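> Predicted coordinates and the sequence they were generated for:
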Amino acid sequence: MKELVEVIAKSLVEFPDEVVVTETENDKAIVLELKVASSDMGKVIGKQGRIAKAIRSVVKAASSREDKKVIVEIR
């Protein structure tokens, strides 16, 4: 999942070198934290959060086989 979020984010932003995805796992969920340059934040979130929702939807569909819930946080 980490690589999927990274590929999607790098294709959206102007500074792909500054895209960092960290993965933390607890007993109930896997949390993917996406960090981008502050100037690219709007591109990743999109108008009314549509791109962020789309990223979360793709990750949710891709992780449907896993036992744990996958959460994408954008910072």
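Received the coordinates, thanks.

> Just say helix, strand or coil for residue 22.
Following DSSP: H, G, I helix; E, B strand; the rest coil, we place residue 22 in the strand state.

> just checking, it touches residue 30?
No - contact criterion Cβ atoms under 8 Å: residue 22 and residue 30 do not qualify, at 11.1 Å. Every residue, glycine included, has its C-beta placed from N, CA and C.

> So for those two, which residue has more residues nearby?
Counted by other Cβ atoms under 10 Å, residue 22 and residue 30 do not tie: residue 30 has more neighbours, with 19 against 12.

> Tell me who's in contact with the more buried one.
By Cβ atoms under 8 Å, 6 or more residues apart in numbering, the contact set of residue 30 is 1, 23-24, 63, 66, 68-71.

> again, 7 Å this time
Going by Cβ atoms under 7 Å, 6 or more residues apart in numbering, residue 30 touches 1, 23, 68, 70.

> Over to residue 61?
Applying Cβ under 7 Å, 6+ apart, we find residue 61 in contact with no residue.

> Within the helices and strands, which one has it?
helix 50-62 (DSSP states H and E).

> Residue 73 too?
Per DSSP H and E, residue 73 falls inside strand 69-74.

> For that strand, name the packing helices and strands.
In terms of contacts (3 or more Cβ pairs under 7 Å, 6 or more residues apart in numbering; DSSP states H and E), strand 69-74 is packed against strand 29-35, helix 50-62.
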